[in-house]
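S.K.: here is the input, now give the coordinates:
(chains A and B)
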There are 2 protein chains.
Amino acid sequence: MHVFTYACLVSTQAQVLYDFAAEPGNNELSIREGETITITNQNIGGGWIEAKNSKGEVGLVPEDYIEVSNVGLFVSTSNGNDPWTVFDNNASGGFSNNWAAQPEGTETGKTSSNAWHSGGHGHPQAYQGPGAEDDEWDEEWDDVKSSGGYAESEAGEGGAINRGGAHGSSMKIALNNGEVGPVWAYPDYQLDCVVADPKKGSKLYGLKSYIEYQVTPTTTNKPVNHRYKHFDWLYERLLEKFGSAIPIPCLPDKQVAGRFEDEFIKMRMERLQGWMTRMCRHPVISSSEVFQLFLSYKDEKDWKMGKRKAEKDETVGVMVFSTIEPEGLPDLDLIEVEQKCEQFNRFTRAMDDGVKDLLTIGNEHWKRCTGPLPKEYQRIGKAFQNLSSVFTSSGYEGEAALTDALTAAGKTYEEIAQMVAEQPKKDLHFLMETNNEYKGLLGCFPDTVGVHKAAIEKVKEADKLVAAGKITPSDKTTMSKRASTMSYSLQAEMNHFHSNRIYDYNRVMQQYLEQQVKFYEMIAEKLRHAHSRFTTM
Amino acid sequence: MHVFTYACLVSTQAQVLYDFAAEPGNNELSIREGETITITNQNIGGGWIEAKNSKGEVGLVPEDYIEVSNVGLFVSTSNGNDPWTVFDNNASGGFSNNWAAQPEGTETGKTSSNAWHSGGHGHPQAYQGPGAEDDEWDEEWDDVKSSGGYAESEAGEGGAINRGGAHGSSMKIALNNGEVGPVWAYPDYQLDCVVADPKKGSKLYGLKSYIEYQVTPTTTNKPVNHRYKHFDWLYERLLEKFGSAIPIPCLPDKQVAGRFEDEFIKMRMERLQGWMTRMCRHPVISSSEVFQLFLSYKDEKDWKMGKRKAEKDETVGVMVFSTIEPEGLPDLDLIEVEQKCEQFNRFTRAMDDGVKDLLTIGNEHWKRCTGPLPKEYQRIGKAFQNLSSVFTSSGYEGEAALTDALTAAGKTYEEIAQMVAEQPKKDLHFLMETNNEYKGLLGCFPDTVGVHKAAIEKVKEADKLVAAGKITPSDKTTMSKRASTMSYSLQAEMNHFHSNRIYDYNRVMQQYLEQQVKFYEMIAEKLRHAHSRFTTM
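M.R.: Numbering: from 1, shown residues only, chains lettered A, B, ... in the order given. Prediction:
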């Protein structure tokens, strides 16, 4: 089994995100926010790296307090004439934007282009928060509640540095060549979390209300609190950072009206749970620094600092591919890359159609099951009971056995009516939710595939560019290599998707059919009982 | 237990219907059609009575060959000034017509007034056959097929005289006072018959086609053949004769278009069976001469003679009450009679509403079960199968288990669709048929009740009539007595109706629920199997 890893390439420069005061006698280096330092050894481990400041002082600094300057990093690999930057002539600027340019005929995702736009190099811009777009979300970002969710020790400065193993801009992501082809390396322990206990909170002396959910990761078992907008912030970060390589499904819809109603809160919580579970299951996402921050920030300060750092992350958009080096795996030729890409495109589109079809049918079935069908059973039930009461009025002796049985049968059909009406919540609901999730996920694939198609086109043009002297033959080779890397990463992602899909559909079909069986068995049982009351001696 | 009987009152005169040649040495008397004879002893038994002809010769004659002159009989009970005939001033004439006059607000039955009109006294008119009203039914009446249905010995003249025990105009019908009140006397052996084996016949060298059903009574186990128009003839006879006292349900609808289609023939046969079973179950009807004739005529001649005799029967309309004498039972006072009548009226109307309601709902349910519902299950099945075939195209290994299971689940829902569509024929059908039968039966009650209400009104007017010297006080007493007799007969009929209703509804609900249970169990079983194919290790 070949292993190749995301790796920092020849990077040396890094930006300091937060002040850090060295503890004397520990080989640490004090750094100040905004300072540029040079990384001298990043294989220290435990969340530390060795760096040198502009004064030439060398010491250990917390990995999470600095950010590797990705652009510099990327450019530095090709002596200032990186083939990717060659195409940085796009009017809207930004090389990752150029990468993300949608090939014609590809659906344009609303959020994804955003992600690639915002990952501008050299001028990282802090994320404005969703409040910038939505009046409902314009609260201050500093309102993290201190109720619960914190580690017992307010670890202070040191709090943010203990997410060792999680990978930020400079983390390693293993990508194995499994039985089915390239696969992400899965952790031994499958991360998961529980979203529960929604509580209404308020601030500004009760002028603003919000719902806070308790999120408890299975690793620490320590709950943290998050509002919907925090989830949304996480989503934006993940989309920005991983969107080119990994389809990041949208969060459940924002909703303003009725968002404090119990039914809505329950539904949103369920969907946030589904989304979080899916993110937890993804080895690249679940081990990312920003995700780990979200799940297990130590205290308010830790959260705030982590947030600022994540917002300054520049390894976003297509840059995510820059850290992948398919060690020991042969480069794929362009035809193979193209074929794989086309295959995935075809599959995800076909599945998208299939899923939408199922959703349409499911919706209609839901309507029937909660509308006309139970009404009909109810009417049948009422008709039997009505006949029973007519019979009771006959004045004929020996009527009671029949009328009792008829009334019971009528009530049974009324019960069945209720069962029919409630059944969709018990079975169809999960089938619909799962397919809705997949619809969302599949909706991200055109963008992901689009990134790959664009890369393929670039490589196709490479010959002309070499001829025009715009890039060197060596640049062309690098481009092919990178397209190959992207293809391996897409394959790993597709394999991840497939294995999850197989698991999810097996599970949801089991759940659906199990509930259906119970439903029909219960009806049969009720009717059997109703039947036993009639007698023809 | 009091027993009172239908009985010939003081009748002595009888009309000879058919020629009968006495066999020498057997005490028999030769008679000729049209001759008037005097009955000297009607308690001979075995289908024989003793009579005297105009020449004074006395001997035995077959009971079925003569008809007691009912009108003379009825009038003779009240010395030429019968209170019933007093009101015979109705423009359309006919005293039974006067009886049948509908009270205001009562639904007018299409067929029943007909029945009471046609029973004119003194001028019996041979039944014209339904062909008179319907071109499709204008075939000769002499077309009884000789295929099967005959007793092994062509008994000739003697054939018609062996329906001993069956009662024609002068038969006795026992009416008991049972636990629930007045009840008809039920025979020890419950008559039944099987309507089966519909065969296409033709006549006029193939120019006319018809369907002939085989009717096999459980008594003789010898099949006879009848066409629909024979059933219709029987229906008309029963309606004419018993309609005032016993609601005679209509036959299944006549239908011209499509009457040779298998589906229609099967349905008509099933309904004729239902109708015959109901008639067989009625002790008065099943033991009547005309019904016995229909079920077990010996040969063509027997059938023809029986038919002619039945058509000449004058104990029709309200005359049927003339032979009831409630022995040992106290006369009911008018208030009690009226109350009973009102009670039955209320009940049958309420039940009529209930039954019609159930039929409406059943019809809608039928439509849903055979229309949109199976289509929806089919679409669900197709959606699963479609998703399965998309999954198959993934190229991912280890897909087969899921896709096989999904395909199987999809097929299961297609099977369920088919089951749903076919289910109404297995359960709802019988529920609908039974309720349809009852709807028909209940539709006859307003007429039956109307006869009683009219009688009650007459009795109420009796005081005035006595004062006006139009009837004697003794006539008034007779009228009250007769109203009481009618009420007992109605009560017996209602009790018959109730006990049959209780049996029928128990049976049909059992049948319905049993099939429903099977249906839901089979669905559950199919889904359980489909469920078992999914796996989430």
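
S.K.: and the top helix by length along chain A, how far from the chain's centre?
M.R.: As assigned by DSSP state H, the longest helix anywhere in chain A is helix A:473-532. Using Cα atoms, centre = their mean, to the nearest Å, the mean C-alpha position of helix A:473-532 is found 15 Å from that of the whole chain.

S.K.: does any part of that helix sit near chain B?
M.R.: Yes. Using Cβ under 8 Å from any Cβ of the partner chain, helix A:473-532 reaches chain B at A:494-495, A:498-499, A:501-503, A:505-507, A:509-510, A:513-514, A:516-517, A:520-521, A:523-524, A:527-528, A:530-531. In short, each C-beta sits where N, CA and C put it, glycine included.

S.K.: just the buried members of those?
M.R.: Neighbour-count burial (16 or more other Cβ atoms under 10 Å in any protein chain shown) applied to the residues of helix A:473-532 next to chain B gives A:494-495, A:498-499, A:501-502, A:505-506, A:509-510, A:513-514, A:516-517, A:520-521, A:523-524, A:527-528, A:530-531.

S.K.: so residue A:314 sits in a helix?
M.R.: No. For residue A:314, which was evaluated using DSSP: H, G, I helix; E, B strand; the rest coil, the result is coil, with no helix membership.

S.K.: isn't it right up against residue A:67?
M.R.: Yes. Assessed by Cβ atoms under 8 Å, residue A:314 is found in contact with residue A:67 at 6.8 Å.

S.K.: quick one: the helices in the stretch 351-500 of chain A, in order.
M.R.: Taking DSSP state H, counting those that start in this stretch, the helices of the stretch 351-500 of chain A run over residues A:372-392, A:400-426, A:428-467, A:473-532.

S.K.: helices or strands next to the shortest one in the packing?
M.R.: Using 3 or more Cβ pairs under 8 Å, 6 or more residues apart in numbering or on different chains; DSSP states H and E as the contact criterion, the elements in contact with helix A:372-392 are helix A:400-426, helix B:334-370, helix B:473-532.

S.K.: let's see that with 6 Å instead.
M.R.: For helix A:372-392, the packing partners by 3 or more Cβ pairs under 6 Å, 6 or more residues apart in numbering or on different chains; DSSP states H and E come out as helix A:400-426, helix B:334-370.

S.K.: tell me which of the ones you listed sits nearest to residue B:16.
M.R.: Distance to residue B:16, taken as Cβ to Cβ, is lowest for helix B:334-370 among the helices and strands packed on helix A:372-392, at 39.1 Å.

S.K.: and the angle from the closest one to helix A:372-392?
M.R.: Taking axes from the mean of the first three to the mean of the last three Cα atoms, to 10 degrees, one finds helix B:334-370 and helix A:372-392 inclined to each other by 160 degrees.

S.K.: mind listing what's buried along helix B:334-370?
M.R.: Buried, per 16+ other Cβ under 10 Å, within helix B:334-370: B:334, B:337-338, B:340-341, B:344-345, B:347-352, B:354-359, B:361-362, B:365-366, B:368-370.

S.K.: what is the mean pLDDT for the longest helix of chain A?
M.R.: Mean per-residue pLDDT for helix A:473-532: 93.

S.K.: how is chain A partitioned into domains?
M.R.: A:144-150+A:169-313, A:355-532 (automatic domain parsing).

S.K.: endpoints of the longest one, how far apart?
M.R.: It refers to domain A:355-532. Chord length of domain A:355-532, first to last residue, is 43 Å (Cα to Cα, to the nearest Å).

S.K.: let me know the average pLDDT across the helix or strand hosting residue A:225.
M.R.: Per DSSP states H and E, residue A:225 falls inside strand A:224-227. On average, the pLDDT along strand A:224-227 is 94.

S.K.: how far off centre is it?
M.R.: Centre-to-centre, strand A:224-227 and its host chain are 17 Å apart (Cα atoms, centre = their mean).

S.K.: list the strands paired with it, with their directions.
M.R.: Paired strands of strand A:224-227, with direction, are strand A:208-217 (antiparallel) (DSSP bridges).

S.K.: contacts for the partner strand?
M.R.: A:139, A:193-202, A:223-227, A:265, A:269, A:295-296 (Cβ atoms under 6 Å, 6 or more residues apart in numbering or on different chains).

S.K.: enumerate every residue touching the residue in the stretch 101-250 of chain A that chain B sits nearest to.
M.R.: Closest approach between the stretch 101-250 of chain A and chain B, counting by Cβ to the nearest Cβ: residue A:180, at 5.1 Å. Applying Cβ under 6 Å, 6+ apart, we find residue A:180 in contact with A:495, B:397.

S.K.: flag every residue of the stretch 201-350 of chain A that's near chain B.
M.R.: Proximity of the stretch 201-350 of chain A to chain B, by Cβ under 6 Å from any Cβ of the partner chain, involves residues A:347, A:350.

S.K.: any weak-confidence spans in the stretch 201-350 of chain A?
M.R.: The model of the stretch 201-350 of chain A has pLDDT under 70 over residues A:204-206, A:254-260, A:325-328.

S.K.: how about the contacts made by the spatially closest residue to residue A:272 that is not a sequence neighbour?
M.R.: Counting by Cβ to Cβ, 6 or more residues apart in numbering or on different chains, residue A:272 lies nearest to residue A:195, which is 5.0 Å off, once chain neighbours are set aside. By Cβ under 6 Å, 6+ apart, residue A:195 lies in contact with A:213, A:215, A:269, A:272, A:273, A:276.

S.K.: wasn't residue A:195 part of a strand?
M.R.: Yes. Assessed by three-state DSSP, residue A:195 belongs to a strand.

S.K.: distance of the closest residue to residue A:397 other than its chain neighbours relative to residue B:282?
M.R.: Spatial nearest neighbour of residue A:397, chain neighbours left out: residue B:180 (5.1 Å); criterion: Cβ to Cβ, 6+ apart. Per Cβ to Cβ, to the nearest Å, residue B:180 is found 17 Å from residue B:282.

S.K.: also residue A:306?
M.R.: Applying Cβ to Cβ, the value for residue A:306 to residue B:282 is 91 Å.

S.K.: three-state assignment of residue A:49?
M.R.: Using three-state DSSP, the three-state assignment for residue A:49 comes out as strand.

S.K.: and if you look at the one 10 residues further on?
M.R.: Judged by three-state DSSP, the three-state class of residue A:59 is strand.

S.K.: ok, it - contacts?
M.R.: Applying Cβ under 6 Å, 6+ apart, the residues near residue A:59 are A:27, A:28, A:29.

S.K.: with pLDDT added, can I get those residues in JSON lines?
M.R.: Below are the contacts of residue A:59 laid out as JSON lines (pLDDT from 0 to 100):
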{"residue": "A:27", "pLDDT": "78"}
{"residue": "A:28", "pLDDT": "82"}
{"residue": "A:29", "pLDDT": "87"}
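
S.K.: which helix or which strand is home to residue A:38?
M.R.: strand A:36-45.

S.K.: that strand: how far from the chain's middle?
M.R.: How far strand A:36-45 lies from its chain's middle: 31 Å, per Cα atoms, centre = their mean.

S.K.: parallel or antiparallel, list what pairs with it.
M.R.: With DSSP bridges as the test, strand A:36-45 is paired with strand A:13-16 (antiparallel), strand A:48-52 (antiparallel).

S.K.: run the chain-centre distance for the first one.
M.R.: The chain centroid and the centroid of strand A:13-16 are separated by 29 Å under Cα atoms, centre = their mean.
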